[in-house]
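Participant: Mind looking at a prediction? Sequence and model below.
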Protein chains: 2
Amino acid sequence: MISGERFSVEYLLKGSKQEAFEKAQDICIEQTIEFPQDLVTKPLILDCIIGKIESFEEVEKGYLAKISFAVEITSFEFTQLLNVIFGNISIKPGIKVQKINLPESFLKNFKGPKFGIEGIRKLLNVYERPLLFTALKPMGLSAKELGELAYKFALGGIDIIKDDHGLTNQIFAPFEERVKYCVEGVEKANQETGANAIYVPNITASYDETIVRAKKAQDFGSKGILISPALTGFDAIKKLADDEKFNIPIFSHPAFLGSYLTCCESGFSHYSLLGQITRLAGADGVVYPNFGGRFSFSKQECIDIAEATKADMANIKPIFPCPGGGMSLDKVPEMIRVYGKEVVFLMGGGLFRHSDDLVENCKYFRKMVENIK
Amino acid sequence: MISGERFSVEYLLKGSKQEAFEKAQDICIEQTIEFPQDLVTKPLILDCIIGKIESFEEVEKGYLAKISFAVEITSFEFTQLLNVIFGNISIKPGIKVQKINLPESFLKNFKGPKFGIEGIRKLLNVYERPLLFTALKPMGLSAKELGELAYKFALGGIDIIKDDHGLTNQIFAPFEERVKYCVEGVEKANQETGANAIYVPNITASYDETIVRAKKAQDFGSKGILISPALTGFDAIKKLADDEKFNIPIFSHPAFLGSYLTCCESGFSHYSLLGQITRLAGADGVVYPNFGGRFSFSKQECIDIAEATKADMANIKPIFPCPGGGMSLDKVPEMIRVYGKEVVFLMGGGLFRHSDDLVENCKYFRKMVENIK
């Protein structure tokens, strides 16, 4: 009934050595049987179900415990995998998920991203440089105005033009109307430039409606979608990535996800949540705030995310890190030094600053990225 | 196009007065247009879309800013409401949602819980005392063993018998088999006692499967379901609560939700997340770790949750606070003093401790609750 196959999670624990070790012991129980161990008599539970401390060592920021769990307790469901990793212990202080180690046999239960880096490059027919990404805003523009913006961005050489994550189905730019105008704008520009720029609408919505909008987006000619998994549940990404009739890339947005990341003592490392979990869910690109912008991620945390998007994960494809958030053109050279070529640079408001001519600004951005090695 | 109707959010902000005020100004932009304000020309955006600071004052723990938003920017979608309240600013440190103020006209877009306190009391036919709640565990028991446990709990006088939140569809106790055995166990006990105890399976699963299991649970005779909204997205609760063909109570579980609550400087207050948002989604009862158990919620935070479950919310029904988590029988008197009558006491492992006879232990728990005024 139980195969013996186990996966493990590395937790950073706070407190004295004794306290940290007791936390590790507690995780073994709390994340599995949630029951007094001395009252358990069934051998299956004692031998297999309760988590096991595989290693425990002092590290720079506290103590690192590697705890293993039987793969069967996840029921091979993504929601239950997340629950075993961090369900109840999310309510206990001083526990941070650093890294998740999933064996190849377990990963085979997941399809992961359909496109990944390779698939997106093929879709865009761009292989040799970082990709350029921007967002349609501000909220309050009409669908037609957003479509005009999308045209200009694509004309200027931006590869991926997404909705701002706050655009849903507001009366001033309803979803269907917006998607139609923006697809049209990007296609018109593509005809002029010969490029394959794509429009990526935000489909984050209520339970069913997220799926309905994803499919409408595809039907209306969008070549990708944006979703905020902390609002829909991570499984919404998986549902779409696994759907054989849904064949456009998925970009994840970190809205509402920050609380798992901003507390230094608990939650998830950037590596595990924005890298490993987002990729396992099936996102082809992960949007996150870059260091030096208007958010608080450190350079190392951003490098960690990028590393997790490419680390070996058996059958799960590498995906694009998409750093952005309050970026300006002058940051591009450093970003290229840090991330290399396999990256999507997201620039929103910053594209409006260089001059009054938005198309020229986009061209300037594109040239910067093309010229720097 | 814009009605002028606005809702507001009270944010607790950290830093000096100047820093906190700048954070408040930033929230007005970040949660709406996410765009340099000086580049905006459209009057609709400047006058209506950008958030407005309604008040700003020093409080004990920092500065409290009340910021209002046009109701239309939520697109009257629950996911987008959450996004406006705390989407991008979840990634910025030192911002905590304290309280959400939704006008009656806006609340009318939400149905909220179907049952609430009144509906659950009617279902159980228990009106005069706190309700008794327990969890089936440990994980690793077979469906049949869990059914036998359910029988004993109900025989001992427990009103609501739920799955532990880690039971999903594991091979050792598959969902359908478990639901059948547990419904049968509780019904058999009800025939002996004349009571109306209910079995509440955990339906938290992947995107579609959550809804499938909720409906199976109802079809197989369960009289409630348990869901962890941080794993499914809050909208899964709303989807079920709004469904006219789904007519059993919904209990929410805090698994994976803790990161929004455990950091004192950012995230959500217990009042707003476990009280207001869970209730608005449509949960009839909210499970949370009680003070003095094995989790870290303070007495005041627990009182705040209970207060939010009952506070005036126009058409949205009051719901049951369900404190639990490492509780023992000796804590019951204090819990009754703190919560009064309109509460569900959740006790899991603690019920096994009083004596070797589980049925007798349940009867003892029940008597304690009945006898104390």
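Facilitator: Looks like it came in fine.
Participant: okay, CA-based contacts and neighbour counts for the rest of this
Facilitator: Noted.
Participant: residues contacting residue A:252?
Facilitator: A:226, A:227, A:228, A:229, A:278, A:283, A:285, A:286, A:287 (CA atoms under 8 Å, 6 or more residues apart in numbering or on different chains).
Participant: Repeat that for residue A:359.
Facilitator: A:152, A:153, A:155, A:156.
Participant: can we see that at 10 Å?
Facilitator: Residue A:359 makes contact with A:149, A:151, A:152, A:153, A:154, A:155, A:156, A:157, A:158, A:351, A:352, A:365 under the criterion CA atoms under 10 Å, 6 or more residues apart in numbering or on different chains.
Participant: Looking at the fourth one now. What's its pLDDT?
Facilitator: So that's residue A:153. With respect to pLDDT, residue A:153 scores 98.
Participant: and it, how many neighbours?
Facilitator: Neighbourhood size, residue A:153 [other CA atoms under 10 Å in any protein chain shown]: 29.
Participant: Same question for the second one.
Facilitator: One way to gauge burial is a neighbour count; for residue A:151, by other CA under 10 Å, it gives 26.
Participant: Quick check: it is in a helix.
Facilitator: Yes - with DSSP: H, G, I helix; E, B strand; the rest coil as the criterion, residue A:151 is part of a helix.
Participant: Now it: closest residue in space that isn't a chain neighbour?
Facilitator: The spatial neighbour of residue A:151 that comes closest, neighbours along the chain excluded (CA to CA, 6 or more residues apart in numbering or on different chains), is residue A:185 at 4.2 Å.
Participant: Chain B versus that neighbour, what's the distance?
Facilitator: Using CA to the nearest CA, to the nearest Å, residue A:185 is found at 21 Å from chain B.
Participant: List the contacts of that residue.
Facilitator: A:144, A:146-155, A:179, A:199 are the contacts of residue A:185 under CA under 10 Å, 6+ apart.
Participant: Surely it is within a helix?
Facilitator: Yes - counting by three-state DSSP, residue A:185 is located in a helix.
Participant: ok, and does stretch A:224-240 reach over to chain B?
Facilitator: Yes - residues of stretch A:224-240 contacting chain B under CA under 10 Å from any CA of the partner chain: A:228-240.
Participant: end-to-end on that stretch?
Facilitator: End-to-end distance for stretch A:224-240, by CA to CA, to the nearest Å: 11 Å.
Participant: One more: stretch A:122-139?
Facilitator: End residues of stretch A:122-139 are separated by 31 Å (CA to CA).
Participant: Can you list the buried residues in it?
Facilitator: In terms of neighbour count (16 or more other CA atoms under 10 Å in any protein chain shown), stretch A:122-139 has its buried residues at A:124, A:126, A:129-139.
Participant: any chance you could map the strands in the stretch 1-150 of chain A?
Facilitator: A:6-13, A:52-59, A:62-70, A:95-101, A:131-136 (DSSP state E, counting those that start in this stretch).
Participant: and the shortest one, what does it pack onto?
Facilitator: The reference is to strand A:131-136. helix A:116-124, helix A:143-155, strand A:160-163, strand A:198-200, strand A:320-324, strand A:344-346, helix A:358-371 (3 or more CA pairs under 10 Å, 6 or more residues apart in numbering or on different chains; DSSP states H and E).
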